[in-house]
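S.K.: build me a structure from this.
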Amino acid sequence: MVPTIERRACPRFTIPGALVRYQKSRLFGKRMEWDEQSCPLFDLSRGGVRFLSKESPPLDAKVDLELTVPEEKNPLRLAGISRWVADHQGDEFRYFVGVQFNPYGNSRKHNPLESLDQIIGLENLFLRT
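M.R.: Numbering: from 1, shown residues only. Okay, the predicted model is just below:
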């Protein structure tokens, strides 16, 4: 077996019971329905998320995500781009979906810095357990 090189700078971690819902980004500010709700989160990092899905979103699509974490009051809302989709051999959820988060910052197209702080807090909590 050939060893793989991990290119990610940020560690991935799991959060038991966490769920993701996503939608393709809004067009002209018009609210669109969620494409899917209650997708199990597989793992998370500061740079992106992997989750299970019944549908296969288009590659390179701009998506809005909402991550619901047990014991957290408010869901974590992030924007990103769907980077990859892979088959999953599950009965209900047929795909793994990988989304890369937009950068963090104060620009309109960036994710809020508070979201990064929240992910770092979750990372500190769930990487230790």
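
S.K.: all helices of this structure, in order?
M.R.: Taking DSSP state H to define them, one finds helices in the chain at 113-128.

S.K.: which residues of it score low on pLDDT?
M.R.: 1-8, 26-32, 129 (pLDDT under 70).

S.K.: gap between the residue nearest to residue 88 when sequence neighbours are not counted and residue 112?
M.R.: Leaving aside its sequence neighbours, residue 88 sits nearest to residue 96 (CB to CB, 6 or more residues apart in numbering; 5.1 Å). From N, CA and C alone the C-beta is placed, and that goes for glycine too. Distance, residue 96 to residue 112, by CB to CB, to the nearest Å: 27 Å.

S.K.: and for the residue lying closest to residue 123 once chain neighbours are set aside, the neighbour number?
M.R.: Counting by CB to CB, 6+ apart, residue 123 lies nearest to residue 13, which is 5.8 Å off, once chain neighbours are set aside. When counting by other CB atoms under 10 Å, one arrives at 17 neighbours for residue 13.

S.K.: okay, and the beta partners of the spatially most central residue of the chain?
M.R.: For the chain, the residue nearest the mean C-alpha position is residue 49 (3.3 Å; CA atoms, centre = their mean). Legend: beta-bridge partners of residue 49 under DSSP bridges are residue 44, residue 99.

S.K.: separation between it and residue 91?
M.R.: Counting by CB to CB, the gap from residue 49 to residue 91 is 22 Å.

S.K.: related to what we said a few turns ago, isn't the residue nearest to the centre of the chain right up against residue 65?
M.R.: Yes: under the criterion of CB atoms under 8 Å, residue 49 is in contact with residue 65, at a separation of 6.8 Å.

S.K.: now for those two: what residues contact both?
M.R.: 20, 78, 80, 99 (CB atoms under 8 Å, 6 or more residues apart in numbering).

S.K.: which one among the residues you listed gets closest to residue 70?
M.R.: Closest approach to residue 70 among the shared contacts of residue 49 and residue 65 (CB to CB): residue 20, at 13.2 Å.
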